[in-house]
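In: Return a 3D structure for these sequence lines:
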Amino acid sequence: MRATLDVIGRVAFDIDFRAVQEFNVAASNSQPTSNPEDDEIFTIIRESMNELNSRWANPLRGRYMFWLPEVRHAMRYWRALQQHMRGVLREIRSRGPPADGDESIAAHLMRLKDPHTGQPLADDRLLPEIATFFVAGTDTTAHTMTWTLYLVAQHPEVEARLCAELDALGLLATPQRPEPRMVEVEDLSRLVYLAAVVKESMRVLPVSADGTAIQAPRDIQLGPHTIPANTIIWVHIFSCHNSARYWDQPDRFLPERFMQPGAEYAASGPQGKTAGEAAAGQQAAAAAAGGQSAPPSQEKLPGDGSSAQGEAEVQHRPDSHGSSSLSPSFSSRAVGSGGGSSQPLRFFPFSQGPRNCVGQSLAKMDYLAILAVLLGRYTFQLTPEVTAPGGVRDIISLTLQPEHGLPVLAVPRVPQL
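Out: Sure, this is the predicted structure:
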């Protein structure tokens, strides 16, 4: 979360939070490096999101239940988060009117005018926007990378193919090249297998697992069902992404799914699965056995392609915590078409339509660049406490995340002398 906090600080607010740098300074001075779970801002974010999630389940908490100790405890963090956001807003305002060339999110917010008064937006309108970008830009991408490393650490054949891709680009630490070059923006479209691995991670363990609600202004027909206008439909992303009705072997970690064109859509295969998905699994198994690489994807957009192969079974899917709503309950055919296709979506980690995730392009650049640096320099090993039965428990706190963090060992690929 330190890296994503620094990124959103720079991109959104033109503020250097120095989260990674301060951690590295402490480590280099042999000082105890604190767990991000124990750092003030990360604790504030976590506790505030827990309370927001509870209020979604019980809206009375925030209005009528202040006598409960847990609500009073959460409100302290809620007020602390608001105080931090006011500090961010004060720093933004202290810079004066944004320069013409300032393209930060904060600059765009400062340029907005209230349509009713023609005046700049008041603080009470700006603070929720700042908090949304601050939390969403930090939490979701960080947990996506956490789950990706968790899955890659279980599957050495996937890691080996990632290393081959990074090595070909000069991004892997080797005895001959102990200090790989820095990732550049041109590399993002070339990290095709890494992109496929992250997509498969977002399929197996989507951070927006609980999904979103949609509401149509008119009657809609979904197969034999007529949905009356203004009916709220809850689209459960985890269920759609892990349904055997729409995915071949959904419990297997198979990045090759996303080597196939249109893998995000439920096509004409049996039960809505793409016709080429089973072939992708067979191709991956054959390539792994023969040591050959699968043909590269032709897509060139960052985060949208893949070029290598690797079939692996998800051996350590985390245990669901309590009543975490992760049971299959929603058909992905209820998802409307998007992206100009008439096919129903089966993969939509950033939602879909005009109100999809506004920050998804930044998130894709973020996780590709950061994971390329991490995996190029370190191999990640799960600790015994993680691999033990029940060692990792997932919870929904707005996002799907490990309940008590995810301890791993980061082992340098080239030992430092």
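In: and L149, that one's in a helix?
Out: Yes - counting by DSSP: H, G, I helix; E, B strand; the rest coil, one finds L149 located in a helix.
In: Quickly list what the nearest residue to it once chain neighbours are set aside is bridged to.
Out: Using Cβ to Cβ, 6 or more residues apart in numbering and skipping residues adjacent in sequence, the residue nearest L149 is F380, 5.1 Å away. To be clear about C-beta, it is placed using only N, CA and C from the backbone, and glycine gets the same treatment. Under DSSP bridges, the beta-bridge partners of F380 are A410.
In: any idea how far L374 is from F380?
Out: 8 Å (Cβ to Cβ, to the nearest Å).
In: P156 now?
Out: Taking Cβ to Cβ, one finds P156 at 16 Å from L374.
In: More neighbours: which of the two?
Out: L374 (16 against 13; other Cβ atoms under 10 Å).
In: Quick check: the more buried one touching T146?
Out: No - between L374 and T146 there is no contact under Cβ atoms under 8 Å: 11.1 Å.
In: just the strands in the protein please.
Out: 212-215, 220-222, 225-227, 232-235, 252-253, 312-313, 319-320, 378-382, 393-397, 399-402, 408-412 (DSSP state E).
In: Centroid-wise, who is the farthest residue in the chain?
Out: The centre of the chain is farthest from one residue, T117, which by Cα atoms, centre = their mean lies 37.8 Å away.
In: For that residue, list the residues it contacts.
Out: By Cβ atoms under 8 Å, 6 or more residues apart in numbering, no residues touch T117.
In: Phi first, then psi, for it.
Out: phi -110, psi -20 (degrees, to the nearest 10).
In: Run through this structure and note the low-pLDDT ranges.
Out: Applying pLDDT under 70 to the chain flags residues 23-38, 267-342, 417.
In: now do 50
Out: Low-confidence segments of the chain, defined by pLDDT under 50: 26-27, 30, 32-38, 268-270, 287, 290-316, 320-340.
In: Where do the domain boundaries of it fall?
Out: Listed by automatic domain parsing, the domain ranges of the chain are 1-154, 156-377.
In: Please compute how far the first one lies from its chain's middle.
Out: Going back to what we said before, that points to domain 1-154. 16 Å (Cα atoms, centre = their mean, to the nearest Å).
In: now the end-to-end length of it.
Out: For domain 1-154, the first-to-last residue distance is 22 Å (Cα to Cα, to the nearest Å).
In: hey, C-alpha coordinates of stretch 6-21 in PDB?
Out: Extracted in PDB, the C-alpha atoms of stretch 6-21 (Å, rounded to 0.1, in the frame of the first residue of the first chain):
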ATOM      1  CA  ASP A   6       2.800   7.400  -3.300                       C
ATOM      2  CA  VAL A   7       1.400   7.000  -6.800                       C
ATOM      3  CA  ILE A   8      -2.000   8.400  -6.000                       C
ATOM      4  CA  GLY A   9      -0.400  11.200  -4.100                       C
ATOM      5  CA  ARG A  10       1.700  12.300  -7.100                       C
ATOM      6  CA  VAL A  11      -1.000  11.700  -9.800                       C
ATOM      7  CA  ALA A  12      -4.100  12.800  -8.000                       C
ATOM      8  CA  PHE A  13      -2.800  15.600  -5.700                       C
ATOM      9  CA  ASP A  14       0.800  16.400  -6.700                       C
ATOM     10  CA  ILE A  15       1.800  15.600  -3.200                       C
ATOM     11  CA  ASP A  16       4.800  13.400  -2.200                       C
ATOM     12  CA  PHE A  17       3.700  11.200   0.700                       C
ATOM     13  CA  ARG A  18       7.200   9.600   0.800                       C
ATOM     14  CA  ALA A  19       5.600   6.400   2.100                       C
ATOM     15  CA  VAL A  20       8.100   4.000   0.400                       C
ATOM     16  CA  GLN A  21      11.100   6.300   0.900                       C
END
